[in-house]
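Chemist: My questions concern the predicted model and sequence given below.
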Amino acid sequence: MTMPQVAQRQPISLVRGIEERRERQRSEARRAILDATETLLIESGGFDFSIRSLGRRCGYSAPTVYHYFGDKDGLIDALLEERIARLADAIERVPSTADALVDLRAVLLVFVGFGAENPTFNRLMWTVSSKGESRMTPAMERLRARVRPPLVQLAASGRLGSADAESAGQMIWALLHGLSALQVIEPDHPWVPNLGERALETLLRGMTHPDSEEAPR
């Protein structure tokens, strides 16, 4: 009578190594697909590219793209989330203080610096917004969560004068969006050094007051 054979179990280290290799391959595939998507978006000036052309650019088949991202909308949302999350990570590393204006300035300076250091980020955001697309990702909510609280505090203390947090936020957004748009539309223009930082400082100085007692009555 022969004894039944017992299936040999693979060593835990081997199984872990296989999983790590698969995860690395998945990460590399997603990265290549997202990078190619960003390039095609900027080159085409919008969403007029096919998944087939994306596959030729990144080296992965259309079924692979659909497997990871579902459809083109899912692909673009994932790209925006990944790129904006980098900015959100940088902003969330800014320490908070007891002064709302100091906190607001520090966060916005990171925003301005990020765009200067990552020019493709500005081009990507300009391409998406110029097509009238309003896409809200979790990373965008993270950005709002760091910018809005100091604005609310400044408004509550009277340091925004007659402005409220919403109007002040829109003024700041208009400035930041305008700066990034100019750098995309006219990248070779001889912009003055530190234009973003200087424009932001001028806006904050004109928009805020040292304390509530100095606010106009």
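Modeler: It's in. Quick caveat: nothing in here was measured; it's all calculated off a predicted structure. Numbers count the residues shown, from 1 in each chain.

Chemist: Geometrically speaking, which residue is the centre of the protein?
Modeler: A centroid search over the chain (C-alpha atoms, centre = their mean) returns I84, at 1.3 Å, as the residue closest to the centre.

Chemist: And the contacts of the helix or strand that residue falls within?
Modeler: Assessed by DSSP states H and E, I84 sits inside helix 72-92. Contacts with helix 72-92, where a contact means C-beta atoms under 8 Å, 6 or more residues apart in numbering, come from 30, 33-34, 37-38, 41, 47, 51, 54, 65, 69, 107, 110-111, 114, 118, 121, 124, 128, 135, 137-140, 142-143, 146. C-beta here means a position set from N, CA and C on the backbone, and glycine is covered the same way.

Chemist: Now it: buried residues?
Modeler: 72, 75-85, 87-88, 91 (16 or more other C-beta atoms under 10 Å).

Chemist: Domains in this protein, by residue range?
Modeler: Annotated domains of the chain cover 11-70, 82-217 [automatic domain parsing].

Chemist: Turn those into a markdown table, columns for mean pLDDT.
Modeler: As requested, the domains of the chain are exported to a markdown table (pLDDT from 0 to 100):
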| stretch | mean pLDDT |
| --- | --- |
| domain 11-70 | 86 |
| domain 82-217 | 87 |
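
Chemist: quick one on the thing from earlier: distance from the chain centre to the helix holding I84, please.
Modeler: Mean-position distance between helix 72-92 and its chain equals 5 Å (C-alpha atoms, centre = their mean, to the nearest Å).

Chemist: That one: what's the following helix or strand?
Modeler: Later in the chain than helix 72-92, the nearest helix or strand by DSSP H and E is helix 100-117.

Chemist: relative to helix 72-92, how tilted is that next one?
Modeler: 130 degrees (axes from the mean of the first three to the mean of the last three C-alpha atoms, to 10 degrees).

Chemist: following helix 100-117, which helix or strand shows up next?
Modeler: On the C-terminal side of helix 100-117, the closest following helix or strand by DSSP H and E is helix 119-130.

Chemist: Between helix 100-117 and that next one, find me the angle.
Modeler: Comparing the axes of helix 119-130 and helix 100-117 via the same axes, to 10 degrees yields an angle of 100 degrees.

Chemist: Convert the C-alpha atoms of helix 119-130 to PDB, please.
Modeler: Extracted C-alpha coordinates of helix 119-130, given in PDB (Å, rounded to 0.1, in the frame of the first residue of the first chain):
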ATOM      1  CA  PRO A 119       6.700  72.200 -14.600                       C
ATOM      2  CA  THR A 120       4.800  69.200 -16.000                       C
ATOM      3  CA  PHE A 121       2.400  69.500 -13.100                       C
ATOM      4  CA  ASN A 122       1.400  73.000 -14.200                       C
ATOM      5  CA  ARG A 123       1.000  71.900 -17.800                       C
ATOM      6  CA  LEU A 124      -1.100  68.900 -16.700                       C
ATOM      7  CA  MET A 125      -3.500  71.000 -14.500                       C
ATOM      8  CA  TRP A 126      -3.800  73.600 -17.200                       C
ATOM      9  CA  THR A 127      -4.600  71.000 -19.800                       C
ATOM     10  CA  VAL A 128      -7.400  69.500 -17.700                       C
ATOM     11  CA  SER A 129      -8.900  72.800 -16.500                       C
ATOM     12  CA  SER A 130      -8.800  74.300 -19.900                       C
END
